[in-house]
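Undergrad: Give me the fold of what follows.
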Amino acid sequence: MIYLSQGEHMRSSMVFKQLAAAGMASLALASATTSPASAETFRAGIWQKEGHDFTIRTSASTSASKISTIKDPDTRVPCGGERCTRNNDGGSYTCWSGGPSGNDWYKVHWAGKTGWVAAWCVEVGRI
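TA: Down below sits the predicted model:
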């Protein structure tokens, strides 16, 4: 058995505490860098095209109820995953006078609701 003087005991206790703290910090760092939550993930989303407002609707149709009209060019609306779900059989639309038209719609999530946005009226990508 090894006996330490009071000074040696205090120093060894201090060293032990420092080692324990360093070990806990290392453990926290290791778990943070290997956890699935920290893996690089991204979400797809949509935003204004050429500065034009766009409307989020309750279904893929211009006659469906509006959830919101996005007027801020910096607003990004999430699609809900890494890709935007597309409905190619939605109602027909024209984005703006002289603008694109089609019947493709993107499924989005906004204000706690699921909605649809005319695909040719917005830009889509990583947000």
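
Undergrad: who's in contact with Arg83?
TA: By Cβ atoms under 8 Å, 6 or more residues apart in numbering, the residues touching Arg83 are Ala44. Using the backbone N, CA and C atoms, a C-beta is placed for each residue, glycine as well.

Undergrad: Please determine how far it is located from Ser92.
TA: Taking Cβ to Cβ, to the nearest Å as the measure, Arg83 falls 24 Å from Ser92.

Undergrad: And for Thr75?
TA: Separation of Thr75 from Ser92 (Cβ to Cβ): 25 Å.

Undergrad: Ok, Gly115 next?
TA: 18 Å.

Undergrad: neighbour-wise, which of the two wins?
TA: Gly115 (23 against 10; other Cβ atoms under 10 Å).

Undergrad: can you pull the contacts of the more buried one?
TA: Applying Cβ under 8 Å, 6+ apart, we find Gly115 in contact with 56-58, 67-68, 107-109.

Undergrad: Then Arg126?
TA: 42-45.

Undergrad: Break down this protein into its strands, ranges please.
TA: 44-48, 54-57, 66-70, 77-78, 86-87, 93-94, 101-102, 105-110, 113-118, 122-126 (DSSP state E).

Undergrad: Name every strand pairing with the fourth one and say which way it goes.
TA: Here strand 77-78 is paired, per DSSP bridges, with strand 44-48 (antiparallel).

Undergrad: Could you do the third one as well?
TA: According to DSSP bridges, strand 66-70 forms sheet pairs with strand 54-57 (antiparallel).

Undergrad: Contacts for the strand it pairs with next, please.
TA: 46, 48, 64-70, 77, 95, 108, 110, 115-118, 121-122.

Undergrad: okay, the residue nearest to Tyr93 when sequence neighbours are not counted: pLDDT?
TA: Of all residues not flanking Tyr93 in the chain, Ala118 sits nearest, at 4.6 Å (Cβ to Cβ, 6 or more residues apart in numbering). In this model, Ala118 is scored at 98, pLDDT.

Undergrad: ok, back up a step: let's have the contacts of Arg126 in a markdown table, adding neighbour count, pLDDT and distance to Asn103.
TA: Shown next, in a markdown table, are the contacts of Arg126 (neighbours: other Cβ atoms under 10 Å; pLDDT from 0 to 100; distance: Cβ to Cβ, whole Å):
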| residue | neighbour count | pLDDT | distance to Asn103 |
| --- | --- | --- | --- |
| Phe42 | 10 | 76 | 28 |
| Arg43 | 15 | 90 | 25 |
| Ala44 | 18 | 96 | 20 |
| Gly45 | 21 | 97 | 21 |
